[in-house]
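Chemist: Test case, fold it:
(one chain, ligands or ions: 1)
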Amino acid sequence: MTEKPALKLKRLQDLQFRGKRVLARVDYNVPMKGSRIEDDARIRATLPTLEALIAGGAKVVLISHLGRPKGKADPKYTLKPAAEALAKLLKKPVAFAPDCVGPEAEKAVAALKSGGVLLLENLRFHAEEEANDPAFAKALAKHGDLFIQDAFGALHRAHASTAGVTRLLPGAIGFLVQKELEFLDRAIGNPTRPFLAIIGGAKVSDKLLVLDKLLERVDALLIGGGMAYTFLAAQGINIGKSLLEKDQIDAAKAVIEKAYNKKVECLLPADHVAVREIKPDAEIVVTQAMSIPSDLIGVDIGPHTIEFFDEHVAKAKTIFWNGPMGIFEIPAFADGSLAVAKAMAEATKGGATTIVGGGDSLSVLKKAGLADRMSHCSTGGGASLELLEGKVLPGLAALAS
Ligand code: AMP
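Modeler: I've put the predicted structure just below:
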């Protein structure tokens, strides 16, 4: 992937769509339990775009993927529940077609009236979607006169519905993508300082590029979660049986060295919640220092670390958070992540810009009931990281050219 040039992107408000068929790529890849939607945040996030299109008299044709049906129709991954949820949110009927291409889809599109909304079945029921197949992109493009890209969470993939189709229709970005770019680009480009990044999660290898890029921008970097142990090991500190990526030790050393050279404060956990075995009722040991006894596994940041992470959050004017501070799925190991969520909510109240990316960090916020207390929660973990890494997202590059 290439370095990021300034992309010239048309916006939804630059297009005239009265009476036109508008093919809109949305991201309704929502978490499901059976046929029930567990969290409709991604559907809600598209409402500003859809309401503008409806009010402007467009015939709205929505396309999305859901899950990984492996290129064939699978009722487990139908988007029908999403159509029903959307109808409730919009308070108007939403038509549904059982395929995204072919005669049935075309008939449903032809039946649309101005201001009407239709959701087509899961794009990934066709292997051609992920293969970015030109004939499939053409079949999708048949449904629209104009194209709107509002699937932020899918922009880092070059698929038929995110890249192929955008070259075939005049297009623009919807309000959700505009909001994501405004926050994530501003965080990269022109943050109010001090700018603090809090990065956690399991693996150094997944976050290395973003760490490297963030070091060019931030004033302080806090590292927690499983990845922190590789950083501690790189400093020669005993981490017991905690998660270690041996092949990332040199990379971790390089991050610390770069932080030092750039005068960026790079902070690692100073104490830990540790257990002998990862299980919900495990006996907890709070270490008194950075090192972890050889028979223990670090599962969360400790109380002293929470305290000085909190102090840094309180001082910052821009804060970006990605990745949990511990194995938050187990309530006894979630305190560190919940503390970050609370400190960030306080910071938002105090006027800081707080941005959260990544599914796990969002789960923490939801558990804490604090999702609406952030300046911005990104709907795309992978896409937000790639944007912060300075990469051109294929879905945007296709729209700009
Ligand atoms: P990521 O997808 O890289 O953001 O990682 C999220 C995962 O990291 C979550 O499933 C956490 O359970 C896991 N994680 C966080 N802290 C630790 C830890 N100390 N040891 C093992 N896994 C962890």
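
Chemist: C-alpha from now on. contacts and neighbour counts both.
Modeler: Fine.

Chemist: Report the contact partners of the nearest residue to Lys10 once chain neighbours are set aside.
Modeler: Distances taken as Cα to Cα, 6 or more residues apart in numbering put Ala172 closest to Lys10, at 4.6 Å, once the chain neighbours are dropped. When contacts are counted by Cα atoms under 8 Å, 6 or more residues apart in numbering, Ala172 touches 9-12, 14-15, 147-149, 399.

Chemist: Ok, Leu399 next?
Modeler: Per Cα under 8 Å, 6+ apart, neighbours of Leu399: 9, 163, 166-167, 171-172.

Chemist: Within the helices and strands, which one has it?
Modeler: helix 394-400 (DSSP states H and E).

Chemist: what does the average pLDDT come to for stretch 235-255?
Modeler: Averaged over stretch 235-255, pLDDT sits at 97.

Chemist: Check Thr162 and give its pLDDT.
Modeler: 96.

Chemist: Provide the secondary structure category for it.
Modeler: Following DSSP: H, G, I helix; E, B strand; the rest coil, Thr162 is assigned to helix.

Chemist: Show the average pLDDT along stretch 363-370.
Modeler: The pLDDT scores in stretch 363-370 average 93.

Chemist: What residues sit buried inside it?
Modeler: For stretch 363-370, a neighbour-count test (16 or more other Cα atoms under 10 Å) marks 364-365, 370 as buried.

Chemist: again with stretch 270-289
Modeler: Result for stretch 270-289 [16+ other Cα under 10 Å]: buried residues 270-278, 284-287.

Chemist: Same check on stretch 118-134?
Modeler: Counting neighbours by 16+ other Cα under 10 Å, stretch 118-134 gives 118-130, 132-134 as buried.

Chemist: just stretch 330-338 next, same as before
Modeler: Under the neighbour-count criterion of 16+ other Cα under 10 Å, stretch 330-338 has 332-338 buried.

Chemist: can you check stretch 215-230 too?
Modeler: 215, 217-230.

Chemist: So which of those residues belong to helices?
Modeler: Judged by DSSP state H, the subset of the buried residues of stretch 215-230 located in helices is 227-230.

Chemist: Which ones, among these, also lie beside the ligand?
Modeler: Among these, no residue sits close to the ligand (Cα under 6 Å from any ligand atom).

Chemist: that older thread, helices - which of the buried residues of stretch 330-338 land there?
Modeler: Per DSSP H, the subset of the buried residues of stretch 330-338 in helices is 335-338.

Chemist: Tell me which stretches of the stretch 301-401 of the chain form strands.
Modeler: For the stretch 301-401 of the chain, strands defined by DSSP state E, counting those that start in this stretch occupy the ranges 318-322, 353-356, 376-377.

Chemist: closest to the ligand out of those?
Modeler: strand 318-322 (6.8 Å; Cα to the nearest ligand atom).

Chemist: that older thread, can I get the buried residues of stretch 330-338 in JSON lines with pLDDT and distance to the ligand?
Modeler: Shown next, in JSON lines, are those (pLDDT from 0 to 100; distance: Cα to the nearest ligand atom, whole Å):
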{"residue": "Ala332", "pLDDT": "97", "distance to the ligand": "12"}
{"residue": "Phe333", "pLDDT": "98", "distance to the ligand": "9"}
{"residue": "Ala334", "pLDDT": "97", "distance to the ligand": "9"}
{"residue": "Asp335", "pLDDT": "98", "distance to the ligand": "11"}
{"residue": "Gly336", "pLDDT": "98", "distance to the ligand": "10"}
{"residue": "Ser337", "pLDDT": "98", "distance to the ligand": "9"}
{"residue": "Leu338", "pLDDT": "98", "distance to the ligand": "13"}
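
Chemist: May I see these organised as TSV, with distance to Ile188 added?
Modeler: Listed next are the buried residues of stretch 330-338 as TSV, based on distance: Cα to Cα, whole Å:
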residue	distance to Ile188
Ala332	34
Phe333	31
Ala334	29
Asp335	29
Gly336	26
Ser337	23
Leu338	25
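
Chemist: so who does Ser294 touch?
Modeler: Listed by Cα under 8 Å, 6+ apart, the contact set of Ser294 reads 238-241.
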